[in-house]
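Dropping a prediction and its sequence here:
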Number of protein chains: 2
Amino acid sequence: MLGLMQDWPLLIHKIIDHAGREHAHRPVISRSVEGEMHFTDYGTVRERALKVAKRLEKDGIRLGDRVATLAWNTWRHLETWYGITGIGAIYHTVNPRLFEDQIVYIMNHAEDRILLLDLTFVPLMEKLQDRLPTVERFVVLTDDAHMPETKLRNAVPYETWIGEVDSDFAWHSFDENTAAGMCYTSGTTGNPKGVLYSHRSNVIHAMTAALPDMLGVTSKDRVMPVVPLFHANGWSLAFSVPMTGASLVLPGPRLDGASVHEILETQKVTCTAAVPTVWLGLLAHLDKTGGTLTTLKRVVIGGSACPRAVTERFERQFGVEVLHAWGMTETSPLGTVCSITDDYAHLEGEALLDIKMKQGRTPFGVEMVIKDDADRLLPRDGKTFGRLKVRGPAISRAYFRGEGGNPLDAEGYFDTGDVATIDEFGYMQITDRAKDVIKSGGEWISSIDLENLAVGHPDVAEAAVIGVAHPKWDERPLLIIVPKAGKEPTKEDLLAFMQGKIAKWWMPDDVVLVPDLPHTATGKIQKMALRDRFKDYRLPTA
Amino acid sequence: MLGLMQDWPLLIHKIIDHAGREHAHRPVISRSVEGEMHFTDYGTVRERALKVAKRLEKDGIRLGDRVATLAWNTWRHLETWYGITGIGAIYHTVNPRLFEDQIVYIMNHAEDRILLLDLTFVPLMEKLQDRLPTVERFVVLTDDAHMPETKLRNAVPYETWIGEVDSDFAWHSFDENTAAGMCYTSGTTGNPKGVLYSHRSNVIHAMTAALPDMLGVTSKDRVMPVVPLFHANGWSLAFSVPMTGASLVLPGPRLDGASVHEILETQKVTCTAAVPTVWLGLLAHLDKTGGTLTTLKRVVIGGSACPRAVTERFERQFGVEVLHAWGMTETSPLGTVCSITDDYAHLEGEALLDIKMKQGRTPFGVEMVIKDDADRLLPRDGKTFGRLKVRGPAISRAYFRGEGGNPLDAEGYFDTGDVATIDEFGYMQITDRAKDVIKSGGEWISSIDLENLAVGHPDVAEAAVIGVAHPKWDERPLLIIVPKAGKEPTKEDLLAFMQGKIAKWWMPDDVVLVPDLPHTATGKIQKMALRDRFKDYRLPTA
């Protein structure tokens, strides 16, 4: 027997309809790519999104077509997401930080029909457009006055383009499982793979993200996503913020410490979100200028592990609560947020900071487990680490065009590729990437723990630890060091430094000094390349 | 093209799985019907709900079967909801405050196969059981030690009944639109009609209810639903509280001021919810005893309009935030909550209280409009009032067995039967029931506004206003008064009192004094009966 509740599919346009109706005058503030500040509101964003939808139809875009964006966080980028999804087309966010070959690969793989791009990226696309045969037209996110001379195919300024239609348009309706958005993951190996969000997953995820123990967004907040919309579905903020009626502040292309500080203060931001690099930049700027944070209450930090000093300084020096978060493109992306429950509410000082270093807890809608290599559940004791796996309505079950095969295990869990512990109160902490863990005699050694320890040595600029073949233990850790300029620490120095801080059997079997380490486009150490380079390395213990 | 996110149906068992896994040790505290306080946690509630599910199957209960409950808010009642829905059966909450004939009618209409009942209701059911042929067994929510001698069919104490199975059971899986719960609305006319919630509607509604601008439930809260689970789906608290990991405090059968105060204080409740009557009782008790509220932060008040003095005293005298709410059985039930946005954040004193008298704003997931009799949208100006209509995923589209026909208008809106205004910032205020509005010369007069005004007169105990036929104006208002003991206000007195406080054309055409007014089982004035009694009344102006 079915219930007798209304059929009300979870479609993305309902979010902007809600914001446009119930929070019509709430500010949407952007730093434009042209340079000026720009002020609008949800009522107007909705009107213009309707124009985008109508205009896309006029260009022949239909249900299921991919429309790419290569853009910073501005009101125009926001409008395009709602316009594109409002007719059942798919926003495909292209990350400008990818290598050019990767950009060409993913746009061809997605078969993007239109690209909406910021002024910043016109030169890049002029260079690449001949390799992008599926793109029929390039819409530059600016007005006629700022439109450059360009040879981009069918190029048109966005304002002229949407100016050709009015907003008298009805959103389309369709199954809530219809694809809505696409974002490619840039693995360290192989080609990027496309994650395909649905209307349902985005709407459910936005509701989850707004919950009090997650981001806790209220209509009184002024939320600034510094994290770009092209990074892991923009951490859902393009949906969860309008859904709750909070004001949006969009920082445009300027993400340096001074620019972020200026907009935080002048626009009275109460909640913001970005990767640690951005916050290191902001804190360095505040150090230099003696600046303060007068309106900011919460900062969400994810994308990579948040350094302890960042959390400590935000909370103690500036009185800003840090919400350490974990997720990935495949999880829409929020998987955990480290908000403090009653279980740890009594902690203070370093003990509290220890907990805040964890990536946090799952909300309703994310089922999270750690498992061993034989897919057996591991205990939640805060010590045992295993493969981190997740299930939920906003978590991938496959990649676009079936690339990479089936990423789910027999119980339907998605393997995150991370290795983590979960403690008795449900707090998860990433300890490593699964492929970087060193498997020594059937036990796992965390490469990240060793690296974090080694970089604490005063002579070390950067450190990597990889597993190297060993006849008895299968693998043993090799510590690879980039020394600071003019320094040359010895193996004995380094191991003595680590002594007593880790289990004896975790101690690296050898140390190698190198002038530099290989990195990915997004700044991560390429462990694969290192493993390849040292694959014949003979450990002194072997 | 469909998205590639996981198929994860929104089923109710996922809520208790989440609470049992992520908040296993969080307290669930009840005042038992037997009298003692009872302490358990979500991990245990989940274990025992699994037993309920397994035991129901053993009794032959299957997908779609109705299992009724006639019970106060306790841990056992909570367990039964999860156990029943965990196999796809339907919890049917029976309201003990209904007239006996209504209870018999709804249980037969629902064809309940099992009734789980509190000790309180054993005598009532012994009296009624012969008229309830579909009920195969009566499970008394107690243990063997407290089980009374009873002639109820196949009677068994709950603890013995679930003790016959273990918790080794897997929840069933099915379409998320499967019916999960049933609650009859007791209209003032005709037979009660059954509202049928689905798993999807309950889960989405619980997420909505927990949002920051709604109830804002965090895992640090200790939430006490004084509102019974049998009242309008228990205001979703049996779902939204475990979903967020807040502690639950369940007051059992004792809802008087002293008992409510004791449990609020001893169990450190931070958030609670009930109808105004309960709060009048609590405030009277605090007056008498000089008691205080030391842990309570928020109180949700709905079911009927919250008196201004209640809001004022909670906020000013006790420092407790009042969240005025509106909803109905057919809306799962939360439709609006009056939380203060930036638009009114600058208000203080009486001006703020004026806003808090409104029923509040809709969250994402409730589309709310006011329309005239010709179904045209009316403006949001805070003055124009019209039929209040709603759409959303947790709002009824029909009643069980099609009773009452199609309640939706051509655009799919459910007609709430209320008349309301909506202001420019989206704040809704109920002005009347549609059937009680007086239609004078094509314009509407709010009977409730006139009644509220009249009861302010020092000699008036209770007041009702109905429309009476008028040859020129179709209808004109008649004020019907129950005077206070020993008082006999005149028509002139009363009209003089109202003069200047309302539009001239709203002034009642006549006043009648009566010794008492007819009421429904739930304490509302039976306007229908009054209209019937005064249908031939001749107004002096006619």
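Perfect, thanks for sending it.

What is the neighbour count of the closest residue to chain B within the stretch 251-400 of chain A?
Residue nearest to chain B within the stretch 251-400 of chain A: A:P393 (4.0 Å; Cβ to the nearest Cβ). C-beta coordinates here come from the backbone N, C-alpha and C atoms, glycine included. Close neighbours of A:P393, defined as other Cβ atoms under 10 Å in any protein chain shown, add up to 23.

for the one 3 residues further on, same thing?
Other residues near A:S396 come to 26 when the count uses other Cβ under 10 Å.

and it, what is it in contact with?
By Cβ atoms under 8 Å, 6 or more residues apart in numbering or on different chains, the residues touching A:S396 are A:195-196, A:330-331, A:407, A:414, B:4-6.

contacting residues around the residue of the stretch 251-400 of chain A closest to chain B?
Going by Cβ under 8 Å, 6+ apart, A:P393 touches A:200-201, A:204-205, A:365, B:5-6, B:8, B:10.

Show me which of these is closest to A:G281.
Nearest to A:G281 among the contacts of A:P393, counting by Cβ to Cβ, is A:H205 at 28.1 Å.

What is the distance between the helix or strand encompassing the closest one and the centre of its chain?
Following DSSP states H and E, one finds A:H205 within helix A:199-210. Put simply, helix A:199-210 sits 16 Å off its chain's centre (Cα atoms, centre = their mean, to the nearest Å).

and the stretch 151-300 of chain A, which residues reach chain B?
A:175, A:177-180, A:195-201, A:204, A:207-208, A:210-213, A:216-220, A:243-245 (Cβ under 8 Å from any Cβ of the partner chain).

which strands and helices sit next to the helix or strand just after the helix holding A:H205?
The C-terminal neighbour of helix A:199-210 among helices and strands, as given by DSSP H and E, is strand A:222-225. On a contact count with 3 or more Cβ pairs under 8 Å, 6 or more residues apart in numbering or on different chains; DSSP states H and E, strand A:222-225 meets helix A:237-244, strand A:247-250, strand A:271-274.

Apply 6 Å and report the result again.
If you count contacts as 3 or more Cβ pairs under 6 Å, 6 or more residues apart in numbering or on different chains; DSSP states H and E, strand A:222-225 packs onto strand A:247-250, strand A:271-274.

what lines up beside the first one in the sheet?
Which is strand A:247-250. strand A:27-31 (parallel), strand A:222-225 (parallel) (DSSP bridges).

how about those, which one is nearest A:G43?
strand A:27-31 (9.7 Å).

so where is the stretch 151-300 of chain A shaky, pLDDT-wise?
A:187-189 (pLDDT under 70).

For chain B, give me its nearest residue in it.
Residue nearest to chain B within the stretch 151-300 of chain A (Cβ to the nearest Cβ): A:S198, separated by 2.6 Å.

ok, now which ones touch that residue?
Going by Cβ atoms under 6 Å, 6 or more residues apart in numbering or on different chains, A:S198 touches A:177, A:179-180, B:3, B:5.

What about those residues, which are in strands?
A:179-180 (DSSP state E).

will you turn the contacts of A:S198 into CSV that also has distance to A:E34?
Shown next, in CSV, are these (distance: Cβ to Cβ, whole Å):
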residue, distance to A:E34
A:N177, 39
A:A179, 32
A:A180, 29
B:G3, 34
B:M5, 36
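
now, which of the contacts of A:S198 sits nearest A:H25?
Taking Cβ to Cβ as the measure, A:A180 is the one of the contacts of A:S198 closest to A:H25, at 27.0 Å.

ok, the closest one - how many residues close by?
What A:A180 shows, counting by other Cβ under 10 Å, is a neighbour count of 29.

which parts of chain A sit against chain B?
By Cβ under 6 Å from any Cβ of the partner chain, the residues of chain A that approach chain B are A:1-6, A:8, A:18, A:22, A:64, A:177, A:179, A:196-198, A:201, A:207, A:210-213, A:216, A:218-220, A:243, A:341-342, A:364, A:392-395, A:397-398, A:426.

Let me know the angle separating the helix holding A:H205 from helix B:199-210.
With axes from the mean of the first three to the mean of the last three Cα atoms, to 10 degrees defining the directions, helix A:199-210 sits at 30 degrees from helix B:199-210.

which secondary structure elements does helix A:199-210 contact?
helix A:237-244.

Now do the helix it packs on: everything it contacts.
A:15, A:19, A:78, A:81, A:202, A:206, A:209-210, A:217, A:219, A:223, A:225, A:229, A:248, B:364.

Would you mind listing the buried residues in stretch A:490-508?
Using 16 or more other Cβ atoms under 10 Å in any protein chain shown as the test for burial, stretch A:490-508 gives A:493-495, A:497-498, A:506-508.

and A:K439, what does it touch?
A:K439 neighbours (Cβ under 6 Å, 6+ apart): A:474-475.

For my notes, confirm it occurs in a helix.
No. Counting by DSSP: H, G, I helix; E, B strand; the rest coil, A:K439 falls outside a helix, being strand.

where's it relative to chain B, distance?
Counting by Cβ to the nearest Cβ, to the nearest Å, the gap from A:K439 to chain B is 29 Å.

Give me the contacts around the helix holding A:H205.
Under the contact criterion Cβ under 6 Å, 6+ apart, helix A:199-210 has outside partners A:10-12, A:176-178, A:180, A:215, A:217, A:236, A:239-240, A:243-244, A:332, A:334, A:363, A:365, A:393-394, B:3, B:5, B:207, B:211.

Repeat that for stretch A:104-114.
With Cβ under 6 Å, 6+ apart as the test, stretch A:104-114 has contacts from A:65-68, A:92, A:128, A:131-132, A:134-137, A:184, A:191-192.

Domain-wise, how is chain A divided?
Following the assignment in automatic domain parsing, chain A carries domains at A:13-253, A:438-533.

now the end-to-end length of the first one.
Which is domain A:13-253. End-to-end span of domain A:13-253 (Cα to Cα, to the nearest Å): 26 Å.

so how many other residues sit close to the closest residue to A:A345 other than its chain neighbours?
Excluding its sequence neighbours, the residue lying closest to A:A345 (Cβ to Cβ, 6 or more residues apart in numbering or on different chains) is B:K220, at 6.8 Å. B:K220 has 18 neighbouring residues, counting by other Cβ under 10 Å.

A:D342 is in contact with B:K220, correct?
Yes. The pair B:K220 / A:D342 is scored as a contact, 5.5 Å apart, by Cβ atoms under 6 Å.

Chain neighbours aside, what residue packs nearest to A:G64?
B:M1 (3.8 Å).

For that neighbour, give me the pLDDT.
As predicted, B:M1 sits at a pLDDT of 94.

Can you report how many residues neighbour it?
When counting by other Cβ under 10 Å, one arrives at 18 neighbours for B:M1.

so it touches A:A179, yeah?
Yes. The criterion here is Cβ under 6 Å, and B:M1 meets it with A:A179 at 4.6 Å.

circling back: need the strands paired with strand A:247-250 in a markdown table (columns: mean neighbour count).
Rendered in a markdown table, the data for the strands paired with strand A:247-250 read as follows (neighbours: other Cβ atoms under 10 Å in any protein chain shown):
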| stretch | mean neighbour count |
| --- | --- |
| strand A:27-31 | 22 |
| strand A:222-225 | 25 |
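
Report the contact partners of A:F425.
A:D343.

from the residues of the stretch 151-300 of chain A next to chain B, which would you call buried?
For these, a burial check counting by 16+ other Cβ under 10 Å picks out A:177-180, A:195-201, A:204, A:207-208, A:210-213, A:216-220, A:243-245.

Could you give the number of residues near A:V320?
Residues near A:V320, counting by other Cβ under 10 Å: 19.
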